[in-house]
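K.L.:
Okay, predicted coordinates and the sequence, questions at the end:
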Amino acid sequence: MAELIRKKKLTPVQVLAIGFASIIFLGAVLLTLPISSNSGKSTPFLNCLFTSTSAVCVTGLVVVDTGTYWSYFGKTIIMFLIEAGGLGFMTFAILFSLILGKKISFKERLVIQEALNTSTFGGLVRLTRYVLLFSFSIEFIGASLLATQFIPKLGLIKGIYYSLFHSVSAFCNAGFDLLGNFDSLTKVYNNYIIILTISFLIIIGGLGFSVWAELYNFKRLKKFSLHTKLVITVTSALIIIGTLLILILEYHNPGTIGKMPFGDKLLSAYFAAVTPRTAGFNSISTTAMNPGSKFLTVILMFIGGSPGSTAGGVKTTTMGVLIFTVISIIKGRSETEIYMRKINKDIVYRAFAITVAGLGIVVMDVLILSMTEKLANLGEILYEVTSAFGTVGLSLGLTTKLTIIGKMVIILTMYAGRVGPLTIAFALAKNKKSTGIKYPEEKVMVG
């Protein structure tokens, strides 16, 4: 990696984009091998590219059933791609460098700073160690809890493998499952241990490593940063409001939770509110949900998780900054205020730019797919595109029916969702150039 940065003189953002693309291509090549499929036959490259992109971009959209189509070799490749995509390829590059005893160069530290979405430069290698240790520990705990349910049903070896795979997939907010037939977790919707473990892994992975570092060191720090407060506030609000709305909207729907006892209804509504941000598991049928619930899911998928986490979307803090900006304007404030702290206008501009860019990608893709996917309606296309952009993985069944152009559009959307918003944010933050020219002010009527 250091050689690549030195020879090509690439910027950290370019290194991240190329790094993710390289892992995607390598994963696609490995999945084309006959040993990767259960049939022992080579898989078409486009399907492998789609699967590899979905795994590295921790999305979960699939064109073939993960549990039944791929061999254990193929499933293991997918699991490693999920881990590399969720934690970031630079994190693993640093891990190998540390194992080999190599020094981390200054430019590599810049790439780490971009990858982990942190504003501080000091202690980056130590933070990388923390990310790895924390991630592997949480995944081990999650796998241990899931093993109590999978081992009795599947046997020791298969039960352990399934537990590890689903723990990695959940923590990295990927949404890949091995239960087969595109059913996700619908067969275990009332298994509280599986559903709660998966949901907690999703939430933990989606909060961000810097937030968990502050939570862990709270006794020493005595207070939280504004970033952590905003992440916890927006995340909690989305989960609580999402759960209540889905419970209300689906309460009498016989195709989802209508026939369940209240405890299972509440559990399923809670899980349906957690998983769009941005994991892609589902414990109830997504196609049977009411239009209101589907639209709410689209909103949650677009928002996604938090910065510096394994999740996608425009991020909770981005939406939080925009909401508090609107509140500040309504109150007659000249600047955005959050918890008695002033937010720099550059941050507000970046939040606005990320949101508009995300909406632009979604709108453009919906227009393209509306022309190529003749059998799909507008709602299905919007759901699929938003799921791809938010790196969620939920689907209304359109993925397996996509045309070649449709698959390519979704592949690019998943890649843009994983790399794009981050690239936009740092491009705006790092490439500011002052011309020294100030133009005269003039008013424009808005609203």
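P.N.:
Perfect, thanks for sending it.

K.L.:
Which residues are in contact with the nearest residue to residue 417 once chain neighbours are set aside?
P.N.:
Ranked by CB to CB, 6 or more residues apart in numbering and with sequence neighbours excluded, the top spatial neighbour of residue 417 is residue 389, at 4.2 Å. Backbone N, C-alpha and C define where each C-beta goes, glycine included. Residue 389 sits next to 301-302, 312-313, 358, 361-362, 365, 413-414, 416-417 when contact means CB atoms under 8 Å, 6 or more residues apart in numbering.

K.L.:
Give me the neighbour count for residue 365.
P.N.:
Around residue 365 there are 23 other residues, counting by other CB atoms under 10 Å.

K.L.:
Quick check: the gap between it and residue 145.
P.N.:
The gap separating residue 365 from residue 145 is 37 Å, by CB to CB, to the nearest Å.

K.L.:
ditto for residue 54
P.N.:
As for residue 54, its distance to residue 145 is 26 Å (criterion: CB to CB).

K.L.:
So those two - more neighbours on which side?
P.N.:
Under the neighbour definition other CB under 10 Å, residue 54 and residue 145 were set side by side, and residue 54 has more, 32 against 18.

K.L.:
The helix or strand hosting residue 153 - contacts with which helices or strands?
P.N.:
Using DSSP states H and E, residue 153 sits in helix 124-154. Under the contact definition 3 or more CB pairs under 8 Å, 6 or more residues apart in numbering; DSSP states H and E, helix 124-154 sits against helix 72-87, helix 89-100, helix 106-116, helix 156-171, helix 192-207, helix 209-216.

K.L.:
Reformat those helices as CSV; add mean pLDDT.
P.N.:
Below are the helices and strands packed on helix 124-154 laid out as CSV (pLDDT from 0 to 100):
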stretch, mean pLDDT
helix 72-87, 90
helix 89-100, 54
helix 106-116, 53
helix 156-171, 95
helix 192-207, 93
helix 209-216, 81
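
K.L.:
list the contacts for residue 393?
P.N.:
54, 59-62, 174-176, 278-281, 387.

K.L.:
How much space separates it from residue 66?
P.N.:
Taking CB to CB, one finds residue 393 at 11 Å from residue 66.

K.L.:
any common contacting residues for those two?
P.N.:
Jointly contacting residue 393 and residue 66 under the rule CB under 8 Å, 6+ apart are residue 176.

K.L.:
returning to that earlier point: what angle sits between the helix holding residue 153 and helix 72-87?
P.N.:
For helix 124-154 against helix 72-87, the angle by axes from the mean of the first three to the mean of the last three CA atoms, to 10 degrees is 140 degrees.

K.L.:
If you count neighbours, what's buried in helix 124-154?
P.N.:
124-125, 127-128, 130-132, 135, 138-139, 141-143, 145-147, 149-151, 154 (16 or more other CB atoms under 10 Å).

K.L.:
show me where pLDDT drops low in the protein?
P.N.:
Low-confidence segments of the chain (pLDDT under 70): 1-16, 88-127, 219-221, 420-436, 446-447.

K.L.:
how far out from the middle of the chain is the helix holding residue 153?
P.N.:
Between the centre of helix 124-154 and the centre of its chain there are 18 Å (CA atoms, centre = their mean, to the nearest Å).

K.L.:
Also stretch 407-424?
P.N.:
11 Å.

K.L.:
Then stretch 163-175?
P.N.:
Counting by CA atoms, centre = their mean, stretch 163-175 comes out at 12 Å from the chain centroid.

K.L.:
Can I get that stretch as CSV, trimmed to CA atoms?
P.N.:
Extracted in CSV, the C-alpha atoms of stretch 163-175 (Å, rounded to 0.1, in the frame of the first residue of the first chain):
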residue,chain,number,x,y,z
SER,A,163,-22.9,-18.6,14.3
LEU,A,164,-19.6,-17.0,13.2
PHE,A,165,-20.9,-16.1,9.7
HIS,A,166,-24.1,-14.4,11.0
SER,A,167,-22.2,-12.6,13.8
VAL,A,168,-19.7,-11.1,11.3
SER,A,169,-22.5,-10.3,8.9
ALA,A,170,-24.6,-8.6,11.6
PHE,A,171,-21.8,-6.6,13.2
CYS,A,172,-20.5,-5.4,9.8
ASN,A,173,-24.2,-4.5,8.9
ALA,A,174,-24.0,-6.7,5.8
GLY,A,175,-27.3,-8.7,6.0
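
K.L.:
tell me what the helix or strand hosting residue 271 is packed against?
P.N.:
Following DSSP H and E, one finds residue 271 within helix 262-274. Under the contact definition 3+ CB pairs under 8 Å, 6+ apart, helix 262-274 sits against helix 192-207, helix 226-250, helix 291-303.
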